[in-house]
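Undergrad: would you be able to build a 3D model of this:
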Amino acid sequence: MDSWQDRLIQQWGVWRERWALADHAAVLFSLFLLCLLLQLAFGWYWSREPESFAVAASDSGHAPPGVVLAETLARVSGTLLDKRGGYLRNDMLPPGLFLDNIPAWELGVLHQVRDMTRALHRDMSLSHAQFIEDADLAVAETAFNANADSWVLPAAEGEFRRGSESVAAYGRRLAAGKDARFYPRAIYLQHWLGDATANLGRLSARLNAALPDTPTVVVGEGVRVLPRLEETSWWQVDDVFYEARGSAWALLHLLKAVEVDFGPELARQQAGLSLRAAIHELEATQQAVWSPVILNGSGFGLFANHSLVMANYLNRAQTDLADVEGLLQAPR
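TA: Numbering: from 1, shown residues only. Modelled structure (predicted):
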């Protein structure tokens, strides 16, 4: 039989093996927690929306019409790529893979970028007498219409970068007077405003479709349920909200640029005040959201309804822009 000393040594060896395994497990668990905390930190930092920037009107006061608009569009589109974390919508790895608010914000910005690029390419820069299109804007329109979710062949970032650089190149040629055209005509502005108001209306309808109460109306002695769009589910409310914030952020800057480059036309049609009112409403959409989550409360309950507030601002901006369209159509 083994002596008690041998059994003690043998038991000590077993304990040492168990402690070694426990140490390895503790190290692995600590590394897992560290990676998780880093992912959460990066996800929080990347989810912060970019700040608004000043549209450079003062130092461009003597620039040809269209330069401010082109520079603003290039900067708005460049923000998609140069903000914290870069472009996140097509990320295939964490933490970008698990984020949804800022990718929705990017989609809202992208819709406005596409609409303005199309308006610049097909209306504001096109010589309708000779139908000569601008080569840089043709490249930009194609690039910005790339699949927003594509991560390879082609990667969305590369296409959007190409579009932003093409718009910037058009603005530089316009400022230098080198084979670039811009026609600040009321009819072209009306076409773009029609797209912008339709986009606001689409987002407002989706925000209203997230309201928890089913709308009804009293007809005689009965109650009839009003028709409504397909309901926005509760887990999509924050995505629609941030898409609306991104769209409003981009439109806010583009309207400020339009105010500069179409200033004489807006003043002649007395539409400047309505445009300024729309800008004011869009600025209100960029207020800080203090709640950690987007709430969709009902009525006068305990919880806020962020969807309803955002829809209200968009509706008022849409009404003001419709007034601008009407004033631009009126003969003077």
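Undergrad: spell out the residue ranges of the strands in the stretch 201-332 of the chain.
TA: Applying DSSP state E, counting those that start in this stretch to the stretch 201-332 of the chain gives strands spanning 216-219, 222-225.
Undergrad: mean confidence for the first one?
TA: Over the span of strand 216-219, the pLDDT mean works out to 46.
Undergrad: shaky segments in this protein?
TA: The model of the chain has pLDDT under 70 over residues 1-23, 57-61, 212-230, 332.
Undergrad: would you mind giving the domain segments of it?
TA: Domain assignment for the chain by automatic domain parsing gives 64-99+126-181, 184-212+229-332.
Undergrad: mean neighbour count added to these, as a markdown table?
TA: Placement of C-beta: from N, CA and C, glycine included. Formatted as a markdown table, these follow (neighbours: other Cβ atoms under 10 Å):
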| stretch | mean neighbour count |
| --- | --- |
| domain 64-99+126-181 | 18 |
| domain 184-212+229-332 | 18 |
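Undergrad: compare those domains and give me the one nearest Ala26.
TA: Among these, domain 64-99+126-181 comes nearest to Ala26, with 23.5 Å by Cβ to Cβ.
Undergrad: what about the closest one, how long is it end to end?
TA: End-to-end distance for domain 64-99+126-181: 10 Å, by Cα to Cα, to the nearest Å.
Undergrad: can you check stretch 173-182 too?
TA: End-to-end distance of stretch 173-182: 11 Å, with Cα to Cα as the criterion.
Undergrad: what distance separates it from the centre of its chain?
TA: 29 Å (Cα atoms, centre = their mean, to the nearest Å).
Undergrad: hang on, the earlier thing: between the domains of the chain, which gets nearest to Ala119?
TA: When those are compared by Cβ to Cβ, domain 184-212+229-332 sits nearest Ala119, at 3.9 Å.
Undergrad: centre of the chain to the closest one, how far?
TA: Relative to the centre of its chain, domain 184-212+229-332 is centred 13 Å away, using Cα atoms, centre = their mean.
Undergrad: now what about stretch 321-331, what contacts it?
TA: Defining contact as Cβ atoms under 8 Å, 6 or more residues apart in numbering, one finds that stretch 321-331 is touched by 186-187, 189-190, 193-194, 196-197, 200, 265-266, 269-271, 274-275, 278.
Undergrad: could I get the domains of the chain in TSV, plus columns for distance to Trp44?
TA: Below are the domains of the chain laid out as TSV (distance: least, Cβ to Cβ, whole Å):
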stretch	distance to Trp44
domain 64-99+126-181	9
domain 184-212+229-332	10
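Undergrad: before we move on, back to that, from the contacts of stretch 321-331, which land in helices?
TA: Members of the contacts of stretch 321-331 lying in helices (criterion: DSSP state H): 186-187, 189-190, 193-194, 196-197, 200, 265-266, 274-275, 278.
Undergrad: quick one: residues contacting the residue nearest the centre of the chain.
TA: The chain has Gly246 as the residue nearest its centroid, 2.6 Å off, counting by Cα atoms, centre = their mean. Contacts for Gly246 (Cβ under 8 Å, 6+ apart) come out as 49, 104-109.
Undergrad: swap in Gly78?
TA: Per Cβ under 8 Å, 6+ apart, neighbours of Gly78: 164, 168.
Undergrad: now do the phi/psi pair for it.
TA: Per-residue torsions, Gly78: phi -70, psi -30 (degrees, to the nearest 10).
Undergrad: from Ser166, how far out is it?
TA: Per Cβ to Cβ, to the nearest Å, Gly78 is found 12 Å from Ser166.
Undergrad: ditto for Gly108
TA: Separation of Gly108 from Ser166 (Cβ to Cβ) stands at 22 Å.
Undergrad: check Leu295 too.
TA: Remark: distance between Leu295 and Ser166 (Cβ to Cβ) = 41 Å.
Undergrad: got the CA coordinates for stretch 316-332 in CSV?
TA: Taking Å, rounded to 0.1, in the frame of the first residue of the first chain, the C-alpha atoms of stretch 316-332 are listed here in CSV:
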residue,chain,number,x,y,z
ARG,A,316,-44.6,71.0,-40.9
ALA,A,317,-41.4,71.1,-42.9
GLN,A,318,-43.3,69.3,-45.8
THR,A,319,-46.0,71.9,-45.6
ASP,A,320,-43.5,74.8,-45.7
LEU,A,321,-41.7,73.2,-48.7
ALA,A,322,-45.0,72.8,-50.5
ASP,A,323,-45.6,76.5,-50.0
VAL,A,324,-42.2,77.2,-51.6
GLU,A,325,-43.2,75.0,-54.6
GLY,A,326,-46.5,76.9,-54.9
LEU,A,327,-44.8,80.3,-54.7
LEU,A,328,-42.2,79.3,-57.3
GLN,A,329,-45.0,78.3,-59.7
ALA,A,330,-46.9,81.6,-59.2
PRO,A,331,-46.3,84.2,-62.0
ARG,A,332,-44.6,87.4,-61.0
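Undergrad: so how far is stretch 173-185 off the chain centroid?
TA: Chain-centre distance of stretch 173-185: 28 Å, with Cα atoms, centre = their mean.
Undergrad: need the contact partners of that stretch.
TA: 63-67, 69-70, 123-127, 134, 136, 170, 261-262, 264-265.
Undergrad: for that stretch, measure first residue to last.
TA: Using Cα to Cα, the end-to-end distance of stretch 173-185 comes to 20 Å.
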